[in-house]
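Colleague: Any chance you can model this:
(chains A and B)
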Number of protein chains: 2
Amino acid sequence: MASTVRTKPQPTIHEFELIRAIHRRHGRHTPSVIQGIGDDAAIITSRAGQWTVLTTDLFTEGVHFDLRTATMDDIGFRAAAANLSDIAAMGGTPQHLLVALAIPRTGTSRHVYQLYRGMMAACRPHHVGLIGGDMSASSGGWFLSVTLIGIVPPRKALFRSGARIGDFLYVTGTIGDALAGLRLLNEPLPPAKRHSRTAPLSTRHRQFLIGRHMRPTARVAEGQWLSTHRFATSAIDISDGLSGDLRHICEESHVGADLDLGALPLSPACHAYAASRELDPVDLALTGGEDYELLFTVSPRERPRLEQTALKRGFPLTCIGQIHPLRFGIQAVSSRGQRHWLANTSYEHFT
Amino acid sequence: MASTVRTKPQPTIHEFELIRAIHRRHGRHTPSVIQGIGDDAAIITSRAGQWTVLTTDLFTEGVHFDLRTATMDDIGFRAAAANLSDIAAMGGTPQHLLVALAIPRTGTSRHVYQLYRGMMAACRPHHVGLIGGDMSASSGGWFLSVTLIGIVPPRKALFRSGARIGDFLYVTGTIGDALAGLRLLNEPLPPAKRHSRTAPLSTRHRQFLIGRHMRPTARVAEGQWLSTHRFATSAIDISDGLSGDLRHICEESHVGADLDLGALPLSPACHAYAASRELDPVDLALTGGEDYELLFTVSPRERPRLEQTALKRGFPLTCIGQIHPLRFGIQAVSSRGQRHWLANTSYEHFT
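Modeller: Prediction:
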């Protein structure tokens, strides 16, 4: 009968065809996936006795990314890495991905393929497969929502609420790099012209910082290690900035903290960038979100074993402070010995 | 030290405060929720041996809803109902909700509360609790992504792929109402002026149809019943339109189908609307998406038991056709006996 109640122009992107193509490229059928893409819902099995970990993150054009400075691959990679990092911060093992994507009028199938390619590039090392999602047109810009499902052994999950007075505060890797990278991308003029009186930033450092922003590493192995050996009493990933994320741990654990600003792990590139722009690199480290390093607390008793095995495994850790009673608040001591209250200066997505 | 690298205007919506308030209002701690809102990820336990069902749906302003005709409560309700319906179509029991929300500059905390209130109103009868999500600013309009997690007994899930030749095709409730309701909302002029020569639509019918669009009922109890008793060989929820969703079943099951258009269950309100607008109500039923009724197939052997117990339980079911071999294609026979190929005229979200 070919009844057509509403007539519509030829669609530029055919939803079902795109979903089929994405399925062919990225759908995976492991024994734990009963039904992947292609039905009303996905079905998975979980190992008996395991807890299921779930996280959702949102990425909107003009707020979380800018197509003038990032490729679709980059955007996909960062979105997946942010979710992987949330599972890492719980000590979990990521397993399955669900992706909801709204595509603007200017979007093409090629953009969509590139976005998924970026996401799967971040997921592949962790054997995470795509099991479902949704696609739609957007009347505004690109909009991406990623849900990641994983597992964690019962009673071994890392919460924000477990920090105890006397625990030492640790961070993985280096911090502040991602914010430096983001700022480099957003500089309106070639830096050579604007900062002629300061030391120029080498191409190598520039590329490192931009790479840290565009292609962050989720600390999945480190999170599992902290959880399996029960090293960490609490953990969070640095997505809002060290200052803000430390506050989350303190609030949830009902404790205070003393942060040693002189001990913050800063990369040579971050130092070089700060020098070239006449900034304090500590400010970048305190407020720079999206480094996706883990911030965690360790009891004094576990500290020697933690540091020994970290060295063996090659996990970069730095002790940056200690947990105090709630009334202590959150304080920071600079390398010159100056003590300050640490206000929450973290980045929030509402401006 | 209150170090502030970037200065920002006072935010109109404070992300963390909003999340805390939503948590207080809607967060639930049932024994299966180890960690709800407030950490890097949510943690749930699943009953031993159960399969986990997951679905994500996307709702964007200007594509899926229009704030000139829908309240935030309505939008939230429909979004949750669409996800509940996906779980229903698998024969599953919905349990946990994750919500990703992008808020435009014009959005207020009040809008957000209303949206969540609508979602939870749809979820409450099914004892579904909010366990997590994400919130962000949007540089465009509202953008909502809902992920629903549920369970289904192993090997009892309903797939699109199980229809067999000879099976009878059934649908729950009535279809076409939601499209009629949507059109009523979008009519540019008062219908009395535009359709003066045709019968006017009563306020009661108008309200019924708009209600079916705004506040659809997810057929969760019906889906569980079809799955538990192994009545259905395949199932799908009608979200793209009967014509399109029947095609999904046929494609996934590698079969054809014969649809009896004279048997389609149409509500009196849908008939009245079609008469008042000089339309064929069958067209509304074939192409109207978002009725969220279940379309399913039943083997001839199970048919008597299905109809008997449906009557006892008060489940409204209608037999609307039969499954044929693949080469038969998808055909429809009108009430006058005219036979047609049924093309896919379903609504897709790309225009």
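
Colleague: Next, the contact list for whatever residue of the stretch 101-250 of chain A ends up closest to chain B, please.
Modeller: Nearest to chain B, among the residues of the stretch 101-250 of chain A, is residue A:140, at 2.0 Å (C-beta to the nearest C-beta). All C-beta spots, glycine's among them, are computed from the backbone N, C-alpha and C. Residue A:140 is in contact with A:61, A:102, A:104, B:60-62, B:138-141, B:143, counting by C-beta atoms under 8 Å, 6 or more residues apart in numbering or on different chains.

Colleague: Specify the local secondary structure of it.
Modeller: At residue A:140 the chain is in coil, as set by DSSP: H, G, I helix; E, B strand; the rest coil.

Colleague: Likewise for the one 10 residues further on?
Modeller: Classification of residue A:150 by three-state DSSP places it in strand.

Colleague: What ranges does chain A have for its helices?
Modeller: A:15-26, A:72-89, A:109-123, A:177-186, A:191-194, A:203-214, A:220-228, A:242-253, A:268-276, A:281-287, A:303-313 (DSSP state H).

Colleague: my guess is residue A:30 meets residue A:129, correct?
Modeller: Yes - counting by C-beta atoms under 8 Å, residue A:30 does reach residue A:129; the two are 6.3 Å apart.

Colleague: who has more neighbours, these two?
Modeller: residue A:129 (21 against 12; other C-beta atoms under 10 Å in any protein chain shown).

Colleague: Return the helix or strand in chain A with minimum mean pLDDT.
Modeller: helix A:191-194 (a mean of 54; mean pLDDT, DSSP states H and E).

Colleague: which of the helices of chain A sits most buried?
Modeller: helix A:72-89 (a mean of 27; mean count of other C-beta atoms under 10 Å in any protein chain shown).

Colleague: which secondary structure elements does that one contact?
Modeller: strand A:51-60, strand A:93-103, helix A:109-123, strand A:143-152, helix A:203-214, helix A:220-228, strand A:232-237 (3 or more C-beta pairs under 8 Å, 6 or more residues apart in numbering or on different chains; DSSP states H and E).

Colleague: just the angle between the last one and helix A:220-228, please?
Modeller: Which is strand A:232-237. Using axes from the mean of the first three to the mean of the last three C-alpha atoms, to 10 degrees, the inter-axis angle of strand A:232-237 relative to helix A:220-228 is 150 degrees.

Colleague: do strand A:232-237 and chain B meet?
Modeller: Yes - contact of strand A:232-237 with chain B (C-beta under 8 Å from any C-beta of the partner chain) involves A:235-237.

Colleague: could these go into a markdown table alongside distance to residue A:199?
Modeller: As requested, the residues of strand A:232-237 next to chain B are exported to a markdown table (distance: C-beta to C-beta, whole Å):
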| residue | distance to residue A:199 |
| --- | --- |
| A:235 | 37 |
| A:236 | 34 |
| A:237 | 32 |
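
Colleague: Which of those has the largest number of neighbours?
Modeller: Top of these by neighbour number is residue A:235, holding 31 neighbours under the definition other C-beta under 10 Å.

Colleague: Tell me what that residue is bridged to.
Modeller: On the basis of DSSP bridges, residue A:235 is bridged to residue A:296.

Colleague: Quick one: residues contacting it.
Modeller: Residue A:235 neighbours (C-beta under 8 Å, 6+ apart): A:89-91, A:158-160, A:223, A:226, A:294-297, B:40.

Colleague: try residue A:59
Modeller: A:65, A:75, A:78-79, A:82, A:143-146, B:136.

Colleague: what's the answer for residue A:128, then?
Modeller: Residue A:128 touches A:80, A:84, A:94-97, A:148, counting by C-beta under 8 Å, 6+ apart.

Colleague: At the contact with chain B, which residues of the stretch 151-300 of chain A appear?
Modeller: A:152, A:154, A:157, A:159-161, A:179, A:235-237, A:243, A:252, A:279-280, A:282-284, A:286-288.

Colleague: Just give me the neighbour total for the nearest residue to residue A:63 once chain neighbours are set aside.
Modeller: Spatial nearest neighbour of residue A:63, excluding adjacent residues (C-beta to C-beta, 6 or more residues apart in numbering or on different chains): residue B:137 at 5.1 Å. Under the neighbour criterion other C-beta under 10 Å, residue B:137 is assigned a count of 22.

Colleague: again, but for residue A:31
Modeller: Using other C-beta under 10 Å, residue A:31 has 6 neighbouring residues.

Colleague: Pop out the phi and psi values for it.
Modeller: When quoted as degrees, to the nearest 10, the phi and psi of residue A:31 stand at phi -60, psi -30.

Colleague: confidence score at it?
Modeller: Here the pLDDT value assigned to residue A:31 is 78.

Colleague: just residue A:82 next, same as before
Modeller: Confidence score, pLDDT, at residue A:82: 96.

Colleague: list the contacts for it?
Modeller: Counting by C-beta under 8 Å, 6+ apart, residue A:82 touches A:57, A:59, A:146, A:216, A:218, A:239, A:290, A:292.

Colleague: can you pull the contacts of the last one?
Modeller: In this structure, residue A:292 makes contact with A:81-82, A:85, A:178, A:216-219, A:237-239, judged by C-beta under 8 Å, 6+ apart.

Colleague: Kindly recompute the last result at 6 Å.
Modeller: Taking C-beta atoms under 6 Å, 6 or more residues apart in numbering or on different chains as the criterion, residue A:292 is in contact with A:85, A:216, A:218, A:237.

Colleague: how close does it sit to residue B:242?
Modeller: Plainly put, residue A:292 is 46 Å away from residue B:242 if you go by C-beta to C-beta, to the nearest Å.
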